[in-house]
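**Student:** Sequence and predicted structure, then a few things I'm wondering about:
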Number of protein chains: 2
Amino acid sequence: MESKNSVRIIPLGGLGEIGKNITAFEYKDEIIIIDCGVSFPDEDMYGVDLVIPDITYLLHNAEKVKGIFLTHGHEDHIGSLPYILKQLNVPIYGTRLTLGMVENKLKEHDILSDCELHGVEAGDVVKLTNFNIEFIRVTHSIADSCAIAIHTPIGVILHTGDFKVDYTPIDGLTMDLERISSLGKQGVLLLMADSTNVERQGHTISEKTIGETLTRIFSNAEGRVIVATFASNIHRMQQIINASLKYGRKVAFSGRSMENISQVAIELGYLHMPEGQLISVDEISSYPNEQITIITTGSQGEPMSALARIAFATHRKIKIESKDLYIISASPIPGNGKLISKVINQLYKKGADVIYEDLEEVHASGHAYQEELKLIHTLVHPKFFMPVHGEYRHLKHHANLAKKLGMEGQNIFILETGEVLELSDKEAKISDRVPTGSVFVDGLGVGDVGNIVLRDRKHLAQDGMITIVVTIEGETYNIIADPDIITRGFIYAKESEALINESKEIVRKELQNCLDNKIIEWSVLKASMKRSLEKYLYEKTKRRPIVLPIIMEI
Amino acid sequence: MESKNSVRIIPLGGLGEIGKNITAFEYKDEIIIIDCGVSFPDEDMYGVDLVIPDITYLLHNAEKVKGIFLTHGHEDHIGSLPYILKQLNVPIYGTRLTLGMVENKLKEHDILSDCELHGVEAGDVVKLTNFNIEFIRVTHSIADSCAIAIHTPIGVILHTGDFKVDYTPIDGLTMDLERISSLGKQGVLLLMADSTNVERQGHTISEKTIGETLTRIFSNAEGRVIVATFASNIHRMQQIINASLKYGRKVAFSGRSMENISQVAIELGYLHMPEGQLISVDEISSYPNEQITIITTGSQGEPMSALARIAFATHRKIKIESKDLYIISASPIPGNGKLISKVINQLYKKGADVIYEDLEEVHASGHAYQEELKLIHTLVHPKFFMPVHGEYRHLKHHANLAKKLGMEGQNIFILETGEVLELSDKEAKISDRVPTGSVFVDGLGVGDVGNIVLRDRKHLAQDGMITIVVTIEGETYNIIADPDIITRGFIYAKESEALINESKEIVRKELQNCLDNKIIEWSVLKASMKRSLEKYLYEKTKRRPIVLPIIMEI
């Protein structure tokens, strides 16, 4: 393979995980990037707010990078932009709604005026020296979503972005299957396709079905209706608005992201409400309950969200009232089930009624099921295939699905983040690996929390800590005063006075013993104190708090 | 209501939660207890190993307590026994398999010889002064499960225990619907019934169906088959053994609880294997791979389980081999989905094949769905009903189901743990509340980890801690030497030297300032140091580590 005539495809996130999607495409002296998402921390990433991709490779090749092309406005596709643009300020291309959501983010980070945003429409082609980047309309759980076809000197690469095949989308804008089919006919070198729901048989239900269910539920509601859903799901919002309109209800938005995104969507013409239907949360008490709908954040049970605050009576403006009907119009993202359940239990306890996915069809997935994936594979029938957007199990099953449809296993490539797929018009191979990984955002810190800090947090979370301070006279090596002990998260000290006193005695003896034996190296003394105390505490409690010995020399 | 002629029903766990089931029944000077389970800690109960019920009420009435009656051998019904029996040693009644599992536990805690265990069979009645306790066979995901009918002077209370209606159970022992029906005919005063799956429509599938699926899967397996399931699911084990036998496979058990429980089940005659089929894990390499089945723990993805250790190559005896087929024959318990997914991803990465619930019907629930619940309500048609074994949402839905079947709302009682239902032959009401709650087990400590310790652990987990030590000369109030700072889980100190140095300076200044103003109260000085440092760190990092100031006086 002539590597000068090859395209290098470098996923820097989004493979082996559902989150932080970002892929670089490199040809000669040009690099383009598709998407720039965040992921949310696992439970064992204590205290981490967000996880963003490590873009060392892009920074080393900064002069080559020509732009970031966005498929749609979900967090796992745009959420890292504020952090990445601070390091690598390149033009951003996306559809209007996508850019509307990006602008919101960049404003919050106070960098909007420094950034270059280019609006495109589905069907548009952005021309660079070697790459022509074509946006192709798809249907998904957020409006204005696109697949991207990259026309390169060696052939076409089609990246589906996130998609489902919805034949009856709310905005009437169906997926551009015609264009996808026509690309397939001309020949697609490489297909990269969404693997999220490859384990699910059949076909997703249409978003429109949810509207029908909601309308039926609204028709029976006697008090307020409060619907929690994803703030980015404009089509869902529209259907809730439509059902509200039908039954004479005003609509208020609650929760920061819900308020922000609904405003953007209304301004840009993606969300339609007749004059006067929109009210603020402050106005809800001016109308009878049966004329009120509230659309709120918190569909994942997030403890600080508007819905959770309503449930646990800490919301300043919205209190639970009798005949309230709550609808959780979302699926639990893996790991959130318990949080949602807590909110549901609490709403029931307070006497409200609750409808959720286990009871009614109030959510539709935005990611293609098996039959939809088969359709795309059949239309595109690419030479090479790379499953994307999934944990390893999803990528593996997507590879199997492609094989069942007739592809040769040797033409299918399951990559890991950081691996490089080198692609010529004849062949493809994994040729290289670039540095990459996860960068943790915690408060204002980006990357300053690493594995050591996380390991300590985990340890602290399990068994707490105990600090022991001794003061030593620096010339005589006499121990001055009693050791002082402070614990946090280990044991309730007031109930464990004996244990604490004994601990002081153990440490004091150990230290004296060392000093008597002329051991005066601070680090050795500390290690001895630590070891003896750890041993004692484990025997007594079977716990291993972090022991921090401090020697003050005076 | 004559309260001397009433039965008091006191759930001390198991309501508003799925876990630690324990209910007391009190009549005059007699108390009996049904079940004595543990629950497992929520994610925010950092470092807690187990949660057991608070039995203060029983200890205050210890002389009245005549025995603990066990419905079946699952952890959430027997797991607290070793802890509770140490405080309140009363006779235990249960079927043979249940007691076999209890004995195992009591041996581990070295208290078996002090305990009084009475074996019963389904159909047996234990007679006390006021209560006759009748064991009635049910089907569930563990063999030898029973409902319990308590015959009291004021009427019959029927507690279903955990059950499903399996018409084709593996051991051929169907649920004793006849006895239940006959009790219903005679008149049941109060029904207490399992609410776990009340949100699911239809009827559970029979355990036998899983055997058919497993047999089909085994017929295609070319290498070893490794099945992870719940160690207590003897019927599942039997079906795996049967499928193995059919295809000429030896069976080895892996994982401590799997080894223990299979041994108990074989000894007691609940698990049947022909001579020579059982081998130890050490022997598996003596047979060709296609003649090996391994039944293992780890179906919930538990990081220390045998399956997880196999996947991540830390198992000492079992390594992944090509053509290995792994079957996860279980449903994820809410909260465990991510852990299981990690294991599945890893097995696929290592080239093994994996089958799990999303792909094949390899698990059946042990808890009745709606149609089964309707059957029991219809057969029993009790005067009063109390849904049990569920979060609030489940109890609420179970109450609604009973109403749909014709019960009056006023005869249905959703209790909270600790509330007392006072029951006469004519009426029932919630009359009282006894002290109860959760007691945390952490290492050797039972109850010494409380809310303060947990709050600190949570805080430490989020942002870590920083200890700052200053030494002050006690007579002159001079600060001696530089303040010393140690952090853990806050920030990687080597990368943040400037922040640490600045922190020392801030504290030093604040302290000097106080001392200059004649503030010499240690607690006030510490509070000032803490406050100034917290403020500085939050400004710089937007994090709030626990700040621990220590003043050493010499």
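**Tutor:** Nice, thanks for sending it over. Residues are numbered from 1 along each chain as shown, chains lettered A, B, ... in the order given.
**Student:** Give the buried residues for the helix or strand hosting A:Ser182.
**Tutor:** In the assignment (DSSP states H and E), A:Ser182 maps to helix A:177-186. For helix A:177-186, burial by neighbour count (16 or more other C-beta atoms under 10 Å in any protein chain shown) applies to A:177, A:179-180, A:183-184. From N, CA and C alone the C-beta is placed, and that goes for glycine too.
**Student:** low pLDDT regions in chain A?
**Tutor:** Within chain A, the ranges that satisfy pLDDT under 70 run A:1-4, A:493-495.
**Student:** Which segments of it make up each domain?
**Tutor:** What automatic domain parsing lists as the domains of chain A is A:3-202+A:365-446, A:207-355, A:464-553.
**Student:** Can you name the residue of the stretch 201-350 of chain A nearest chain B?
**Tutor:** Using C-beta to the nearest C-beta, A:Asn345 is the residue of the stretch 201-350 of chain A that sits closest to chain B, at 4.0 Å.
**Student:** and the nearest residue to that residue once chain neighbours are set aside, how many neighbours does it have?
**Tutor:** Sequence neighbours aside, B:Tyr392 is the residue nearest to A:Asn345 in space, at 4.0 Å (criterion: C-beta to C-beta, 6 or more residues apart in numbering or on different chains). Per other C-beta atoms under 10 Å in any protein chain shown, the neighbour tally for B:Tyr392 reads 22.
**Student:** which residues touch B:Tyr392?
**Tutor:** The contact partners of B:Tyr392, by C-beta atoms under 8 Å, 6 or more residues apart in numbering or on different chains, come to A:345-346, A:348-349, B:16, B:414.
**Student:** how about CSV for these, with distance to A:Asn289 and secondary structure added?
**Tutor:** Listed next are those as CSV, based on distance: C-beta to C-beta, whole Å; DSSP: H, G, I helix; E, B strand; the rest coil:
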residue, distance to A:Asn289, secondary structure
A:Asn345, 23, helix
A:Gln346, 20, helix
A:Tyr348, 19, helix
A:Lys349, 20, helix
B:Gly16, 28, coil
B:Ile414, 25, coil
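**Student:** Select only the buried ones of those in PyMOL?
**Tutor:** Remark: buried members of those, expressed as a PyMOL selection using 16+ other C-beta under 10 Å:
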select buried, (chain A and resi 345+346+348+349) or (chain B and resi 16+414)
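**Student:** List just the nearest of the buried residues of helix A:177-186 to A:Met45.
**Tutor:** Using C-beta to C-beta, A:Ile180 is the member of these that lies nearest A:Met45, at 37.7 Å.
**Student:** nearest residue to the closest one other than its sequence neighbours?
**Tutor:** Leaving aside its sequence neighbours, A:Ile180 sits nearest to A:Leu379 (C-beta to C-beta, 6+ apart; 5.4 Å).
**Student:** got the contact list for the one you found?
**Tutor:** Counting by C-beta under 8 Å, 6+ apart, A:Leu379 makes contact with A:177, A:180-181, A:184.
**Student:** Surely it is in a strand?
**Tutor:** No - with DSSP: H, G, I helix; E, B strand; the rest coil as the criterion, A:Leu379 is assigned helix and is not in a strand.
**Student:** picking up where we left off before, distance of the residue of the stretch 201-350 of chain A closest to chain B from A:Ile480?
**Tutor:** Taking C-beta to C-beta, to the nearest Å as the criterion, A:Asn345 is separated from A:Ile480 by 56 Å.
**Student:** Which residue, neighbours along the chain excluded, lies closest to A:Pro387?
**Tutor:** A:His398 (3.6 Å).
**Student:** any idea how far A:Met192 is from the one you found?
**Tutor:** Distance, A:His398 to A:Met192, by C-beta to C-beta: 10 Å.
**Student:** residues shared between the contacts of these two?
**Tutor:** A:Pro387.
**Student:** what's the nearest residue to A:Ala265 if we skip its chain neighbours?
**Tutor:** Of all residues not flanking A:Ala265 in the chain, A:Leu271 sits nearest, at 3.8 Å (C-beta to C-beta, 6+ apart).
**Student:** Test my guess that the one you found contacts A:Phe253.
**Tutor:** No - A:Leu271 is not in contact with A:Phe253 according to C-beta atoms under 8 Å; the separation is 10.2 Å.
**Student:** count of residues packed around A:Lys319?
**Tutor:** Counted with other C-beta under 10 Å, A:Lys319 comes out at 11.
**Student:** So A:Gly409 sits against A:Lys396, correct?
**Tutor:** No - applying C-beta under 8 Å, one finds A:Gly409 not in contact with A:Lys396, separated by 11.7 Å.
**Student:** so what's the closest residue to chain B within the stretch 101-250 of chain A closest to, chain neighbours aside?
**Tutor:** Distance from chain B to each residue of the stretch 101-250 of chain A (C-beta to the nearest C-beta) is smallest for A:Glu199, at 4.8 Å. The shortest distance from A:Glu199 to any non-neighbouring residue, by C-beta to C-beta, 6+ apart, is to B:Asp358 (4.8 Å).
**Student:** shouldn't that neighbour be in contact with A:Asn197?
**Tutor:** No - counting by C-beta under 8 Å, B:Asp358 does not reach A:Asn197; the two are 10.4 Å apart.
**Student:** Of these two, which one has the most company?
**Tutor:** It is A:Asn197, of B:Asp358 and A:Asn197, that has more neighbours when counted by other C-beta under 10 Å, with 22 against 14.
**Student:** Regarding A:His272, what is its secondary structure?
**Tutor:** Secondary structure, three-state DSSP: A:His272 is coil.
**Student:** contacting residues for it?
**Tutor:** Neighbouring residues of A:His272 by C-beta under 8 Å, 6+ apart: A:238, A:241, A:266.
**Student:** Same check on A:Ser431?
**Tutor:** A:3, A:8, A:420-422.
**Student:** element containing A:Gln201, please.
**Tutor:** For A:Gln201, there is no host helix or strand (DSSP H and E).
**Student:** Correction: the previous question concerned A:Val227.
**Tutor:** Take DSSP H and E as the rule and A:Val227 turns out to sit in strand A:225-228.
**Student:** Sheet partners, orientation included, of that strand?
**Tutor:** strand A:292-296 (parallel), strand A:325-328 (parallel) (DSSP bridges).
**Student:** Following the chain past it, name the next helix or strand.
**Tutor:** Next helix or strand after strand A:225-228 toward the C-terminus (DSSP H and E): helix A:234-246.
**Student:** Okay, buried residues for that next one please.
**Tutor:** A:234-245.
**Student:** returning to what we had before: the residue nearest to A:Pro387 - that's part of a helix, no?
**Tutor:** Yes - under three-state DSSP, A:His398 falls within a helix.
**Student:** In contact with it, which residues?
**Tutor:** Counted by C-beta under 8 Å, 6+ apart, A:His398 has contacts A:193, A:195, A:198, A:373, A:387, A:390.
**Student:** Just list the residues touching the third one, thanks.
**Tutor:** In this case it means A:Val198. The neighbours of A:Val198, taking C-beta under 8 Å, 6+ apart as the test, are A:370, A:373, A:387, A:390, A:394, A:397-398, A:401.
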